[in-house]
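Colleague: Attaching a predicted model along with its sequence, questions to come.
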Amino acid sequence: MSPAPPPPSPPTRRHLLVVDDEPHIGLLLRPHLEQLGYRVSLAKNLAEARAALAERAARPDALLLDLHLPDGSGLDLLRELRGGAATRTLPVMVLTAEGEDRVLNEAEELGASLLTKPFSPSKLTARIAGMLGDAPPGEHA
């Protein structure tokens, strides 16, 4: 009898960059996402996010981005990403409590998916899997 196979993980251990200044978001999301097999980096502001995105060896596969950050708007970062050749198609999910239609519409026009706070970890992970084209957690072929 062969041993049970290890639990499946996302292909090539996807790297997610979570950009949010609320400490509890990172503290809650990181262990949940890592348990599912993702590699997670955290940035508390735009400066940290830009530094993480500039590291070519550790470039994320996707970005989870808050719109309200202490040093500016996540929308500004999203505009920058869409203007750069290397980041034009980077999957971005905006995590926000923002309710202003103009802002949300612009984020969607820039190709970001939206998830409003508060959200459940299971909803988030299903949306991440869909955004990256991975099998949803818990569904294995």
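Modeller: In hand now; what should we look at?

Colleague: After the lowest-mean-pLDDT helix or strand in the chain, heading C-terminal, what element do we hit next?
Modeller: Between all helices and strands in the chain, the lowest mean by mean pLDDT, DSSP states H and E belongs to helix 23-35, at a mean of 88. Later in the chain than helix 23-35, the nearest helix or strand by DSSP states H and E is strand 39-43.

Colleague: circling back to that earlier point, restricting to C-alpha, output the least confident helix or strand of the chain in PDB.
Modeller: Backbone C-alpha positions of helix 23-35 (Å, rounded to 0.1, in the frame of the first residue of the first chain) are rendered in PDB as follows:
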ATOM      1  CA  PRO A  23      -2.500  44.700  10.500                       C
ATOM      2  CA  HIS A  24      -5.300  42.200  11.100                       C
ATOM      3  CA  ILE A  25      -5.800  41.700   7.400                       C
ATOM      4  CA  GLY A  26      -2.200  40.400   7.100                       C
ATOM      5  CA  LEU A  27      -2.400  38.500  10.300                       C
ATOM      6  CA  LEU A  28      -5.600  36.700   9.300                       C
ATOM      7  CA  LEU A  29      -4.900  36.200   5.600                       C
ATOM      8  CA  ARG A  30      -1.300  35.100   5.600                       C
ATOM      9  CA  PRO A  31      -1.700  31.900   7.700                       C
ATOM     10  CA  HIS A  32      -4.900  31.000   5.800                       C
ATOM     11  CA  LEU A  33      -3.300  31.500   2.400                       C
ATOM     12  CA  GLU A  34      -0.100  29.800   3.400                       C
ATOM     13  CA  GLN A  35      -2.000  26.800   4.600                       C
END
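
Colleague: Which parts of the chain are helices?
Modeller: For the chain, the helices identified by DSSP state H occupy 23-35, 46-54, 74-83, 101-109, 121-132, in order along the chain.
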